[in-house]
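Trainee: Provided below are the primary sequence and the corresponding predicted coordinates.
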Amino acid sequence: MTALPADSAGIASTSSLGQSFASHHGPIDLSERNVTVPKNWATGPMLLLAVLGLLCIGATLGAAVTAGADEAGSKAAKHALYAYHVGVMSIITFSVGGLGLTMILRAVRAGWSATIRRQAENVAMLIPLGVLLLIPQAIFAAQVWKWIDPAYEGGYLLDAKRWWLAPGFLGVRIVFYGVMWTLLAYGQYRMSTRQDREGDVQLTNKAQFWAQPGLLAFALTSSFAAFDLIMALDYHWFSTMFGVYFFAGAILSGVALVILITTVLRMSGRLRGVVTREHNHDLGKLLIAFTIFWAYISFSQYFLIWYANIPEATAWFLVRKENGWEHLFLLLCLGHFVLPFLLLLFRGIKKSLPLLAILAFWQLVMHLCDMFWQIRPVAFMSYDAGNPVVAGKVGLGWVDFTGVLGPVLLFTAGLIFMIRRSPLIATKDPRLVEALNHKNYV
């Protein structure tokens with residue numbers, strides 16, 4: 001056993017970390033075999049997922065390119081592009097959620113998270129992938145954001161917003177969001193992995209320091225990204241709460257992903273004794289916390305719009321409560337909040353590895369449904385006097401599946417690549433001892 005001395009600040013130093021460590025959980029294996037994966041780990045599945053993802057993306061975009069120029073062809077192209085937009089925005093929210101979770105854990109100095117935070121950092125490092133997958137949307141911008149077409153007449157409302165919705169300005173803002181998120185994610189990841197190599201305690205202090213203004217930048221950029229990438233698809237509608245709704249769902253999906261990643265790694269024989277039932281319990285607490293937060297913001301947005309009863313605001317919800325969309329609305333109410341909320345109240349479920357993983361996977365599926373419900377109705381939206389009046393029937397097609405699966409499969413392949421690049425935990429984090437001894441008392 002290797003003793004871990006405490007530094008002057010009362011934080012354990014891990015610069016002398018050996019192969020094993022004793023805690024109240026018993027001996028803990030910190031050998032390379034337990035806290036890393038080989039560089040060729042899961043190469044086959046990674047390549048398969050990447051190829052399948054690219055094929056799905058190619059098929060979806062191919063459907064948009066080969067659609068005819070008539071009205072039916074225009075609808076088919078929009079269908080494919082909006083389905084693809086659902087997939088791209090889903091993986092952007094996954095990675096942005098990982099970034100938000102990383103900075104929250106840093107800012108509050110959550111010592112227990114030293115053994116799970118690396119996976120949130122890995123998720124955040126895939127932000128550039130999601131941003132790059134927006135390139136096809138830029139090519140077909142006039143079909144995704146219909147008001148970009150010079151021939152489109154939007155009336156007074158579009159004229160009033162045109163300075164903000166100018167295509168060039170829109171593109172600059174989207175690039176800015178991607179660059180800002182990437183810098184924040186890379187900064188946190190670089191300080192964390194550099195500490196693995198050097199053991200410098202000051203890197204923890206730096207990461208904590210930058211996480212605080214980083215959270216402010218994250219909140220602002222994610223909110224405006226939600227306005228530009230989702231709400232602006234239908235420029236008639238506006239909601240000041242939509243940005244919070246966006247990052248609430250994003251961080252919820254980030255927590256769910258960390259639960260799934262640590263579960264897969266533990267099932268593959270890694271992280272034994274390092275990520276325990278106690279860590280599961282806290283991850284379960286975060287899952288139920290952000291489930292409640294998402295539901296609170298969702299209901300608040302709906303309630304305020306219902307109470308004000310302004311046609312320009314209510315139309316967005318009204319068109320999503322008919323022609324089959326009401327079933328998805330009900331599913332989100334029950335499946336994204338009521339069911340997981342009731343189940344996650346039980347401590348036994350939060351501590352159970354398989355049960356918590358199942359709920360995390362379920363919440364990811366519900367998040368995809370939420371993105372679908374937000375984005376896809378705009379594809380066939382029709383208007384009367386400038387207000388949306390009908391979204392058309394759900395009309396599921398094969399592009400709805402390939403459009404979502406493509407980016408998600410590619411994201412999963414990228415995640416495997418990131419997991420292989422560095423140790424599975426922050427091996428020289430000064431709060432690693434606290435994490436290894438973590439126990440819940442409430």
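Mentor: Received it, and whenever you're ready, just let me know what you need.

Trainee: for the chain, which residue is closest to the average position?
Mentor: Closest to where the C-alpha atoms of the chain average out (C-alpha atoms, centre = their mean) is residue 94, at 1.7 Å.

Trainee: What sits closest to that residue if chain neighbours are left out?
Mentor: Nearest non-adjacent residue to residue 94, counting by C-beta to C-beta, 6 or more residues apart in numbering: residue 253, 5.3 Å away. Any C-beta I mention is one placed from the backbone N, CA and C, and that applies to glycine too.

Trainee: Next SSE downstream of the helix or strand hosting residue 295?
Mentor: Using DSSP states H and E, residue 295 sits within helix 277-308. For helix 277-308, the succeeding helix or strand toward the C-terminus, using DSSP H and E, is helix 311-318.

Trainee: by contact count, what packs against the helix or strand that that next one is followed by?
Mentor: Next helix or strand after helix 311-318 toward the C-terminus (DSSP H and E): helix 325-333. On a contact count with 3 or more C-beta pairs under 8 Å, 6 or more residues apart in numbering; DSSP states H and E, helix 325-333 meets helix 353-375.

Trainee: Let me know the distance separating residue 97 from residue 196.
Mentor: As defined by C-beta to C-beta, to the nearest Å, residue 97 lies at a distance of 24 Å from residue 196.

Trainee: Please apply the same query to residue 289.
Mentor: Between residue 289 and residue 196 the computed distance is 29 Å (C-beta to C-beta).

Trainee: Specify which residue of the two has the higher count of neighbours.
Mentor: residue 196 (17 against 14; other C-beta atoms under 10 Å).

Trainee: Give me the angle between the longest helix along the chain and helix 277-308.
Mentor: For the chain, the helix with the greatest residue count under DSSP state H is helix 71-107. Put simply, helix 71-107 runs at 130 degrees to helix 277-308, going by axes from the mean of the first three to the mean of the last three C-alpha atoms, to 10 degrees.

Trainee: Now helix 71-107: buried residues?
Mentor: Residues of helix 71-107 classed as buried by neighbour count (16 or more other C-beta atoms under 10 Å): 75-107.

Trainee: I'd like the mean pLDDT over that helix, please.
Mentor: For helix 71-107, mean pLDDT rounds to 95.

Trainee: Stretch 142-152 too?
Mentor: The pLDDT scores in stretch 142-152 average 87.

Trainee: what's the answer for stretch 232-244, then?
Mentor: Mean pLDDT, stretch 232-244: 90.

Trainee: Likewise for stretch 269-278?
Mentor: On average, the pLDDT along stretch 269-278 is 94.

Trainee: Would you mind listing the buried residues in it?
Mentor: Neighbour-count burial for stretch 269-278 flags 270, 271, 273, 274, 275, 276, 277, 278 (criterion: 16+ other C-beta under 10 Å).

Trainee: Which one of those residues is nearest to residue 112?
Mentor: Nearest to residue 112, judged by C-beta to C-beta, of the buried residues of stretch 269-278 is residue 278 at 7.6 Å.

Trainee: list the contacts for the closest one?
Mentor: With contacts defined as C-beta atoms under 8 Å, 6 or more residues apart in numbering, residue 278 is in contact with 112, 351, 438, 439, 440.

Trainee: could I get the residues you listed as JSON lines with distance to residue 147, secondary structure and neighbour count?
Mentor: Output for the contacts of residue 278, formatted as JSON lines (distance: C-beta to C-beta, whole Å; DSSP: H, G, I helix; E, B strand; the rest coil; neighbours: other C-beta atoms under 10 Å):
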{"residue": "112", "distance to residue 147": "48", "secondary structure": "helix", "neighbour count": "21"}
{"residue": "351", "distance to residue 147": "50", "secondary structure": "helix", "neighbour count": "19"}
{"residue": "438", "distance to residue 147": "51", "secondary structure": "coil", "neighbour count": "23"}
{"residue": "439", "distance to residue 147": "55", "secondary structure": "coil", "neighbour count": "12"}
{"residue": "440", "distance to residue 147": "51", "secondary structure": "coil", "neighbour count": "15"}
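
Trainee: among these, which two are most distant?
Mentor: Largest pairwise distance in these, by C-beta to C-beta, is 14.0 Å, between 112 and 351.

Trainee: What segments of the stretch 51-200 of the chain are strands?
Mentor: Counting by DSSP state E, counting those that start in this stretch, the stretch 51-200 of the chain has no strands to list.

Trainee: any idea where the helices of it begin and end?
Mentor: 71-107, 117-124, 127-132, 135-139, 141-144, 155-165, 167-198 (DSSP state H, counting those that start in this stretch).

Trainee: Looking at these, which is nearest to residue 258?
Mentor: helix 117-124 (4.9 Å).

Trainee: which helices and strands sit right next to that closest one?
Mentor: Judged by 3+ C-beta pairs under 8 Å, 6+ apart, helix 117-124 is in contact with helix 71-107, helix 167-198, helix 242-267, helix 398-421.

Trainee: Please work out which residues outside it touch it.
Mentor: Helix 117-124 has contacts (C-beta under 8 Å, 6+ apart) with 94-99, 101-102, 105-106, 110, 181, 184-185, 188-189, 192, 254, 257-258, 261-262, 415, 418-419, 421-426.

Trainee: Render the CA-only coordinates of it in PDB, please.
Mentor: Extracted in PDB, the C-alpha atoms of helix 117-124 (Å, rounded to 0.1, in the frame of the first residue of the first chain):
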ATOM      1  CA  ARG A 117     -15.300  13.600 -14.200                       C
ATOM      2  CA  ARG A 118     -12.900  12.400 -16.900                       C
ATOM      3  CA  GLN A 119     -15.800  10.800 -18.800                       C
ATOM      4  CA  ALA A 120     -17.700  14.100 -18.800                       C
ATOM      5  CA  GLU A 121     -14.600  15.700 -20.200                       C
ATOM      6  CA  ASN A 122     -14.400  13.100 -22.900                       C
ATOM      7  CA  VAL A 123     -18.000  13.800 -23.900                       C
ATOM      8  CA  ALA A 124     -17.300  17.600 -24.000                       C
END
